[in-house]
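**Student:** I need the structure of the sequence given here:
(chains A and B)
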Amino acid sequence: MASDTPTPFRYDARLADEIERRWQARWDQQQAFRASNPGEAGFDASRPKFYGLDMFPYPSGAGLHVGHPEGYTATDILCRARRMQGFNVLHPMGWDAIGLPAEQYAVQTGVHPSVTTGKAIDNFRRQLKRFGFSYDWSREFATIDPDYVKWTQWIWLQAYDSWYDRDADRARPIGELMAELDAGTRAPGGAWLGRSWSQMDPQARRDCVDGQRLAYLGQQTVNWCPKLGTVLANEEVIDGRSERGGHPVARLPLKQWMFRITAYADRLLADLALVDWPESTRAMQSEWIGRSEGAEIDFAVHGSGALRVFTTRPDTLFGATYMVVAPEHPLVESALASTSIDGSIRGALRVYVDAARNRSDLERQAEAKVKTGVFTGLEATNPATGERIPVWTADYVLMGYGTGAIMAVPAHDQRDFEFASAFSLPITEVVRMDGVTFDGSRATAGDGVAVNSASAGLTIDGLSTADAKSRVIAWLESTRRGERRVNYRLRDWLFSRQRYWGEPFPIVYDSTGNHYPIKTSALPLTLPDMADYQPIESDTPLPPLGKARAWVETTAGDAGVDPAILPPSTPVRRETNTMPGWAGSCWYELRYCDPRNGHRFVGEEAERYWMGQGIDSRTAGVDLYVGGSEHAVLHLLYARFWHKLLFDLGHVSAPEPFAKLFHQGLITSHAYQRPDKSLVPVDEVEEREGTFVERATGVPVASIVAKMSKSLRNVINPDDVIAEYGADTFRLYEMAMGPLEASKPWNTRDIAGVFRFLQRAWRLCLDEARGVPLLARLPDPAIERALHRTIKKVGDDIDRLAFNTAIAAMIEFVNAATRPTTLANPEDGGLTRDQMERFIQVLAPFAPHLAEEVWARLGHGTLVAHATWPVADQAMLVDSEVEVPVQVLGKLRARIMVPSAIARDAAQLEAYARSHAEVVPLIEGKPIRRVIAVPGKLVNFVV
RNA sequence: GCCGGUGUGGCGGAAUUGGCAGACGCGACGGAUUCAAAAUCCGUUUCCCUUUAAAGGAGUGCAGGUUCGAUUCCUGUCACCGGCACCA
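**Tutor:** The predicted structure follows:
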């Protein structure tokens, strides 16, 4: 300790750094935050549990962003408080270790992604530890750890080995399906509907079963870039070319591993009611699932069988004046092949369809304003009217939704209306709406009464939309022309990637293309080491793993296929696609419960305990899950799906993984904008006489709030802030900025405010010259009351994640306790030992290092992190007198002091106020019509 | 276009159930301390008008409404942020 200054114990950056590193090391040595599982030594079953989880980070080479510690600090405060409040707390951290940046770096440099990732993880761990988060580091893992990959692959195999039993509305083992098929208690479904199992050959039986697996090989149209050697996301394709490099991209139907997430659509929707999640996130998931009720209807096509459509408005069947199929619809191919259709029509069809197919979904959307399409040459019969109507093809109908075909009702659907108007197709009004009449200028969508809807077989004229829908569906079902149907926007989940850096699928193929799973005992299946990560240039997708021939080409025995299903000597090829980056994050919350379990993905007892229902949760699961709203749909939907699958198969105990979810707001930054709205980097702007000007030109610029970005040079590095103020100040600053959920701008200038608060708190407790506690001999009653109020306020605010107001309350307390006191001997001001201890206990979750240091200097040999949360005495929260505002006609006219006992009672309060010296002149001589006296709050005279 | 959210001092924000608008912090201004500065401490700080003062008026995006009383509830409207977007 430096002794050349008079105040060696002043709380400055140097001392904060020393204190923080010392306590971090001590917490590590003592494993202070290690949580015991049921059955382990030190586990106390009498305590309630609390599972506080952060969305784990993808450790990028760039290091921690200021957005990471925002949510992490919030959960840390809550977890530290819960620990002090007597909970068993599970608060883990780990790494989402599979991502594109590491693989792209490998392509460029040849450095193995595991090396890059390992370095990034080490850096992230170092940075996170420097914040003093109370993680149980003994539970740390990365999703690429072989021990973790093993169980990711095992869960995938669980899906592979399951099917969805619609009658039971849950997933069941595929073996049970086969047993029922063999026993004849269940008939083949799907494409094999109506076939007899006993008469199907082994290959047909196999295809029938494979087609029902929850992880299945399915056909999907993808954006394939031959030059880059991979499929691309829609967002990565512009004008039919790759965003990177401008190479041509083809839309290609490809066999890929899929998850049958659509089987869970209804439950994923319904169970949103169970969880305590932000309304916006539940709405986004609900929209993403996109449930819509309606009917499927068959239209007879002249010379080509039936065309099935999905509609939510079967009541408008009489108004269907034409049909439209997607350009990819099989009917288009049969029209092109049909010699009975005029050659010029087919020529135009060919041109249109080829153009449409080569356009990505993105381009279709961009050009959505103008409807395009061509006549296919085919005609269908409207089953209700018996009239012949033309079949068109147009790219406003999507192959991926419903049946890829629609009946067009131009009078009551704006899209159909625009198309009919553009191509002069007939329009018939069949719904008369209240208020809005169809006038031929636009479609009238909505409910009303059916009109023009009568024929020999079916009449719905006069029926309300709801009744007409039921009547039409009943007619369709009785005449076998269609049926009631629920459709979802949600599609099955494409789970294959042509990447190297991902979990390999534990599956092999024989020479006929049939697939066989690898048994659990042979897992994990690890990636082969490769020297060359370059994608393979070709016209068909060849994942990089294809280059590892020795790995790909093996035998069933070496691969670990059960000899009962394939002889060990059989030559097999491994799957060369890998799982996407999402895989690891679909179940990590489960692994944290029991991360070293070698026999199971999570121990049953540990899962039941940590993932069970907490005392302040509405449902079982993680008690608080905090992360960015950018994961509102994808990660959170995928994780829920995996969880439900595991639940159905009896591997986990509850239907939802995350009981309560919270999104921290985005931390933005300041940027500057020229008059033409272009942005100027922060370092090119200076302040001159209160206004901001661009340094190079002297032109004034406006200060705005913008995302942190390298180009604006307004990115804040947490390491720099900690070096200047310490981690406690950083934690406190991010929590004091505003409500946790709000997006808020970083303002470096404001950090001084919370830093000064910590300095005052430190100085309130310790002598800056000697580092010893400054203890009052006698408690000041006013401070004692303020302390009880602070304990109550901070505790309540922590419960509702309102850390900004909790910090404000602590600042108020310190300011009050620092002021000269009312005691007879002013030198006795400040806090007594007992008061200081309680204050340090409430401060500890927020500024844990400073709190430990003061705690230790008070003579404690144990950690304040393990101390008991102080209790606010209810009696100390009420003052003997309260200030009550007095209003006349709703306007504030006076403030009077009222004894609490009187203020508690409306009648007494009114009487007291009426006779109060300050109030009498206000109401004197005025007729009082009414008095509103709110106990403890106010008195209002209506004159 | 549809869904969700947000609009409060110079700035970040507070007001938990309809009851004192602006807690707390930043910044600014004034003072104490100091040879001086830094640091620290004390005070003032929504706006407007009149004023020596006391006091008064307006005010939570905008316009209305309900109420003794509205930042809070209702109707309409504007702006911004996020999501979805030819899903039949």
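**Student:** show me where the stretch 151-300 of chain A has its helices.
**Tutor:** A:174-183, A:202-210, A:265-270, A:279-289 (DSSP state H, counting those that start in this stretch).
**Student:** closest to RNA strand B out of those?
**Tutor:** Among the helices of the stretch 151-300 of chain A, the nearest to RNA strand B by CB to the nearest atom of the strand is helix A:279-289 (2.9 Å). C-betas here are computed from N, CA, C, even on glycine.
**Student:** can you pull the buried residues of that closest one?
**Tutor:** In terms of neighbour count (16 or more other CB atoms under 10 Å), helix A:279-289 has its buried residues at A:281-282, A:284-285, A:288-289.
**Student:** dump those to a markdown table, plus distance to A:Leu775 and pLDDT.
**Tutor:** Putting the buried residues of helix A:279-289 into a markdown table (distance: CB to CB, whole Å; pLDDT from 0 to 100) gives the following:
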| residue | distance to A:Leu775 | pLDDT |
| --- | --- | --- |
| A:Thr281 | 49 | 92 |
| A:Arg282 | 52 | 92 |
| A:Met284 | 54 | 90 |
| A:Gln285 | 55 | 92 |
| A:Trp288 | 59 | 90 |
| A:Ile289 | 61 | 93 |
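**Student:** of those, which are in range of RNA strand B?
**Tutor:** A:284, A:288 (CB under 7 Å from any atom of the strand).
**Student:** and which of the buried residues of helix A:279-289 is nearest to A:Pro59?
**Tutor:** A:Pro59 lies nearest to A:Thr281 out of those, by CB to CB, at 25.2 Å.
**Student:** can you pull the contacts of the nearest residue to that closest one once chain neighbours are set aside?
**Tutor:** Using CB to CB, 6 or more residues apart in numbering and skipping the chain neighbours, the partner closest in space to A:Thr281 is A:Ala632 (4.4 Å). By CB atoms under 8 Å, 6 or more residues apart in numbering, the residues touching A:Ala632 are A:280-281, A:284-285, A:663.
**Student:** for A:Thr520, same thing?
**Tutor:** For A:Thr520, the contact set (CB under 8 Å, 6+ apart) comprises A:154, A:157.
**Student:** mind redoing it with 7 Å?
**Tutor:** A:Trp154 (CB atoms under 7 Å, 6 or more residues apart in numbering).
**Student:** circling back: and the contacts of A:Ala632, which two are furthest apart?
**Tutor:** Within the contacts of A:Ala632, A:Gln285 and A:His663 form the most distant pair, 13.1 Å apart (CB to CB).
**Student:** give me the secondary structure label for A:Gln108.
**Tutor:** Classification of A:Gln108 using DSSP: H, G, I helix; E, B strand; the rest coil returns helix.
**Student:** how far away is it from A:Leu922?
**Tutor:** 80 Å (CB to CB, to the nearest Å).
**Student:** and those two? Which one has more around it.
**Tutor:** The neighbour comparison of A:Gln108 against A:Leu922 (other CB atoms under 10 Å) goes to A:Leu922, with 16 against 10.
**Student:** any weak-confidence spans in the stretch 751-900 of chain A?
**Tutor:** Applying pLDDT under 70 to the stretch 751-900 of chain A flags residues A:819-828.
**Student:** show me the strands in it, by range?
**Tutor:** Listed in chain order, the strands of the stretch 751-900 of chain A (DSSP state E, counting those that start in this stretch) span residues A:881-888, A:891-899.
**Student:** of the ones you listed, flag the one that's most buried.
**Tutor:** Across those, the average number of neighbours (mean count of other CB atoms under 10 Å) peaks for strand A:881-888, which reaches a mean of 17.
**Student:** ok so, going back, can you put the buried residues of helix A:279-289 in CSV and add distance to A:Ala356?
**Tutor:** What follows is the buried residues of helix A:279-289, written out as CSV (distance: CB to CB, whole Å):
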residue, distance to A:Ala356
A:Thr281, 35
A:Arg282, 36
A:Met284, 30
A:Gln285, 31
A:Trp288, 26
A:Ile289, 28
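**Student:** residues near A:Arg489, how many?
**Tutor:** A:Arg489 sits with 15 neighbouring residues when counted by other CB under 10 Å.
**Student:** quick one: A:Ala639 and A:Cys586 touch, right?
**Tutor:** Yes - here A:Ala639 lies in contact with A:Cys586, judged by CB atoms under 7 Å, at a distance of 5.0 Å.
**Student:** the more surrounded of these two?
**Tutor:** Counting neighbours by other CB under 10 Å for A:Ala639 and for A:Cys586 shows that A:Cys586 has the greater number, 25 against 22.
**Student:** so who does the residue nearest to that one when sequence neighbours are not counted touch?
**Tutor:** Nearest non-adjacent residue to A:Cys586, counting by CB to CB, 6+ apart: A:Trp642, 4.2 Å away. With contact set as CB under 7 Å, 6+ apart, A:Trp642 has these partners: A:155, A:586-587.
**Student:** and the residue of the stretch 551-700 of chain A found nearest RNA strand B, backbone torsions?
**Tutor:** Residue nearest to RNA strand B within the stretch 551-700 of chain A (CB to the nearest atom of the strand): A:Ser629, separated by 5.9 Å. Phi and psi for A:Ser629, reported as degrees, to the nearest 10, are phi -80, psi -10.
**Student:** also A:Ala620?
**Tutor:** When read as degrees, to the nearest 10, the backbone of A:Ala620 gives phi -70, psi 160.
**Student:** about what we covered before: so which strand or helix has the residue nearest to A:Cys586?
**Tutor:** For A:Trp642, the element it lies in under DSSP states H and E is helix A:634-648.
**Student:** elements contacting the helix or strand that that helix is followed by?
**Tutor:** Counting by DSSP H and E, the element after helix A:634-648 in chain order, helix or strand, is strand A:661-662. Packing contacts for strand A:661-662, counted by 3 or more CB pairs under 7 Å, 6 or more residues apart in numbering; DSSP states H and E, involve strand A:624-626.
**Student:** mind running it again at 10 Å?
**Tutor:** For strand A:661-662, the contact count by 3 or more CB pairs under 10 Å, 6 or more residues apart in numbering; DSSP states H and E identifies helix A:67-84, helix A:279-289, strand A:624-626 as packing neighbours.
**Student:** could you tell me the least trusted of the ones you listed?
**Tutor:** Per-stretch mean pLDDT for these is lowest at helix A:279-289 (a mean of 91).
**Student:** indicate the residue of chain A located nearest to RNA strand B.
**Tutor:** Closest point on chain A to RNA strand B, by CB to the nearest atom of the strand, is A:Gly753, at 2.1 Å.
**Student:** next secondary structure after the lowest-mean-pLDDT helix or strand in chain A?
**Tutor:** Ranked by mean pLDDT, DSSP states H and E, the helix or strand of chain A with the weakest confidence is helix A:361-366, at a mean of 56. The first helix or strand that comes after helix A:361-366 along the chain, using DSSP H and E, is strand A:374-381.
**Student:** with that, I have no additional questions.
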